[in-house]
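A.B. asks: whatever this is, show me its structure:
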Amino acid sequence: METAATGAEGIEKALRLVPDLVITDGIMPDVDGFEVIRRMKEHPPAAHIPVVMLTSGDFHDAEYASRVPQPDAYVAKSMQLEPLLKQVAALVAKRTR
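C.D. replies: Numbering: from 1, shown residues only. I've put the predicted structure just below:
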């Protein structure tokens with residue numbers, strides 16, 4: 001498992017390491033999660049990587065729905081890990097089929 005302190009660092013690591021999955025925050029001080037996804041999709045080796053976006057906002061809101069590209073899954077930020085773990089397991093299982 002790798003971590004990044006900023007969106008820019010996350011992009012750099014995703015493009016260099018090509019992980020099985022990326023979890024990003026929707027809002028970060030340098031680049032937001034949608035920019036992370038956009039840059040990954042522009043890089044063919046990383047374009048297939050599933051992305052889970054953590055958000056404190058309402059991801060059913062029109063503002064989120066209009067953003068392109070979309071993450072593979074949204075998970076509301078909370079102290080409960082189960083929703084995040086379920087999404088990660090589902091996306092990894094889907095990728096390995």
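A.B. asks: mind giving me the packing neighbours of the helix or strand where Q87 lies?
C.D. replies: Counting by DSSP states H and E, the element that carries Q87 is helix 82-96. Here helix 82-96 touches strand 51-55, strand 73-76, going by 3 or more CB pairs under 8 Å, 6 or more residues apart in numbering; DSSP states H and E. Placement of C-beta: from N, CA and C, glycine included.
A.B. asks: in CSV, list those along with mean neighbour count.
C.D. replies: Listed next are the helices and strands packed on helix 82-96 as CSV, based on neighbours: other CB atoms under 10 Å:
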stretch, mean neighbour count
strand 51-55, 21
strand 73-76, 18
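A.B. asks: a markdown table please, covering those strands and showing mean pLDDT and distance to R38.
C.D. replies: Shown next, in a markdown table, are the helices and strands packed on helix 82-96 (pLDDT from 0 to 100; distance: least, CB to CB, whole Å):
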| stretch | mean pLDDT | distance to R38 |
| --- | --- | --- |
| strand 51-55 | 91 | 11 |
| strand 73-76 | 89 | 16 |
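A.B. asks: would you format those as a markdown table with distance to E12 included?
C.D. replies: Shown next, in a markdown table, are the helices and strands packed on helix 82-96 (distance: least, CB to CB, whole Å):
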| stretch | distance to E12 |
| --- | --- |
| strand 51-55 | 15 |
| strand 73-76 | 23 |
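A.B. asks: can you check which of those gets nearest to V88?
C.D. replies: Evaluated over these, closeness to V88 peaks at strand 51-55, with 6.4 Å, by CB to CB.
A.B. asks: neighbours around L84, how many?
C.D. replies: 17 (other CB atoms under 10 Å).
A.B. asks: hang on, isn't it packed against T55?
C.D. replies: No - the pair L84 and T55 does not pass the contact test of CB atoms under 8 Å, sitting 11.6 Å apart.
A.B. asks: mutual contacts of the two, please.
C.D. replies: Residues touching both L84 and T55 (CB atoms under 8 Å, 6 or more residues apart in numbering): V75.
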